[in-house]
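Visitor: Pasting the sequence and the predicted model now:
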Amino acid sequence: MDSMSRVPFVLPTDRRPRLTLASMKEKVESSHRLTRLREFLSKDADVSYACLTEETPQPLAEADLLVVVGGDGSLLRSARLMENQQRPVLGINTGKLGFLADISLEKFPDAWQEVREGRSHAIQHIMLDSEIVREGEAIARRLGLNETSILAGTPFRILDIDLYIDAEWAATYSCDGLIVGTPVGSTAHSLSAGGPILRKDLDAFVISPISAHTLSNRPLVDSAEHVFELSVERPNPGTSVVMDGQIMGKLRSGDRVRVRRAAQTFKLLEVEGHNYYRTLREKLGWSGRIAHRS
């Protein structure tokens, strides 16, 4: 593993740490949960609150640590909202899967103790910088953590999607869509489309076709140092570019979707007992062997 992708995380010792407690939900039970967490964390740090909505300016830049309560969608939202000012993140899972946010509320006090004592690590995940280019001008640009996809849209006719790597034509995929995913994103939509799992510290992207028309169209893993461009000569009226579940825009003939490695990295804290392969086994039911049934 690259030593720069996993670094010890230490809170400030010359002053009280500054934390931001963040959540997307505003339900009554969520507010009670957040109140209790804020009271617990306030014993050791100055705590502010941020609701992870697109409309609300986020007080994230000055935080030493962002504590996100929710599911993986909440972490994806926090990564997008922090944009160029990425702060270390500790995820508390109150959702269903919790692949990224894998610390439960019950185990959080123990995890927080490890963070306070400097026994946690910040894992730096590569991010995507994606833009839609029309007639030479970028009409939309967004930072993401999981994936950038072209989806066929209505009337759901198969697309021919051209893939260019560093401006050279690589392949044409006949499919319902094409995904460019990070190692983090390799366990999301790309995995359900038949793509491989990439270890999270790899400097690589995976390109996965959705419902490929021919068996020769297989997923591709390539270095994240390249620039990837996608184009659709005959898009459907509903053909869209989607990043981390959010629509960037609809495609026209001649548009290019340009995807490259972002300058920013998403820094997710890891505590003892929550390593990558344990998460694969527990969250994805990944055992490495065939289960026999009587």
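Guide: Thanks, I have it.
Visitor: what about Tyr277, is that helix, strand or coil?
Guide: helix (DSSP: H, G, I helix; E, B strand; the rest coil).
Visitor: Against Arg260, how distant is Val241?
Guide: With distances taken as CB to CB, to the nearest Å, Val241 is found 15 Å from Arg260. Yep, even glycine has a C-beta here, placed from its N, CA and C like the rest.
Visitor: Tell me which of those two has more neighbours.
Guide: Using other CB atoms under 10 Å as the criterion, Val241 and Arg260 rank with Val241 on top: 24 against 17.
Visitor: For the helix or strand that contains that one, name the packing helices and strands.
Guide: Assigned by DSSP states H and E, Val241 belongs to strand 240-243. Packing contacts for strand 240-243, counted by 3 or more CB pairs under 8 Å, 6 or more residues apart in numbering; DSSP states H and E, involve strand 120-134, strand 137-144, strand 147-151, strand 246-250.
Visitor: Do me a favour and average the pLDDT over stretch 257-271.
Guide: For stretch 257-271, mean pLDDT is 95.
Visitor: got the buried residues for that stretch?
Guide: 257-262, 264-271 (16 or more other CB atoms under 10 Å).
Visitor: Can I get stretch 179-186 in PDB, CA atoms only?
Guide: Taking C-alpha atoms only, stretch 179-186 is exported to PDB below (Å, rounded to 0.1, in the frame of the first residue of the first chain):
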ATOM      1  CA  ILE A 179     -19.800   3.700 -15.700                       C
ATOM      2  CA  VAL A 180     -16.400   5.200 -14.900                       C
ATOM      3  CA  GLY A 181     -15.800   4.400 -11.200                       C
ATOM      4  CA  THR A 182     -13.200   4.900  -8.500                       C
ATOM      5  CA  PRO A 183     -12.000   2.000  -6.300                       C
ATOM      6  CA  VAL A 184     -14.600   3.200  -3.700                       C
ATOM      7  CA  GLY A 185     -17.200   3.200  -6.500                       C
ATOM      8  CA  SER A 186     -16.200  -0.300  -7.600                       C
END
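Visitor: What mean pLDDT does that stretch get?
Guide: If you average the pLDDT over stretch 179-186, you get 96.
Visitor: Backbone dihedrals for Glu39, both of them.
Guide: Main-chain dihedrals, Glu39, degrees, to the nearest 10: phi -60, psi -40.
Visitor: separation between it and Gly245?
Guide: Glu39 is 32 Å from Gly245, by CB to CB.
Visitor: out of those two, which sits in the busier spot?
Guide: More crowded of Glu39 and Gly245, by other CB under 10 Å: Gly245, with 15 against 10.
Visitor: wait, isn't that one in contact with Arg80?
Guide: No - counting by CB atoms under 8 Å, Arg80 is not a contact partner of Gly245; they are 10.0 Å apart.
Visitor: With mean pLDDT added, can I get the helices and strands packed on strand 240-243 in TSV?
Guide: TSV is the format used below for those (pLDDT from 0 to 100):
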stretch	mean pLDDT
strand 120-134	96
strand 137-144	96
strand 147-151	98
strand 246-250	96
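Visitor: any chance of those in JSON lines, with distance to Tyr277 too?
Guide: Below are these laid out as JSON lines (distance: least, CB to CB, whole Å):
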{"stretch": "strand 120-134", "distance to Tyr277": "13"}
{"stretch": "strand 137-144", "distance to Tyr277": "25"}
{"stretch": "strand 147-151", "distance to Tyr277": "22"}
{"stretch": "strand 246-250", "distance to Tyr277": "30"}
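Visitor: So for Leu66, which of those strands sits nearest?
Guide: Comparison of the helices and strands packed on strand 240-243 against Leu66 by CB to CB identifies strand 120-134 as nearest, at 11.6 Å.
Visitor: Thanks again, I'm all set now.
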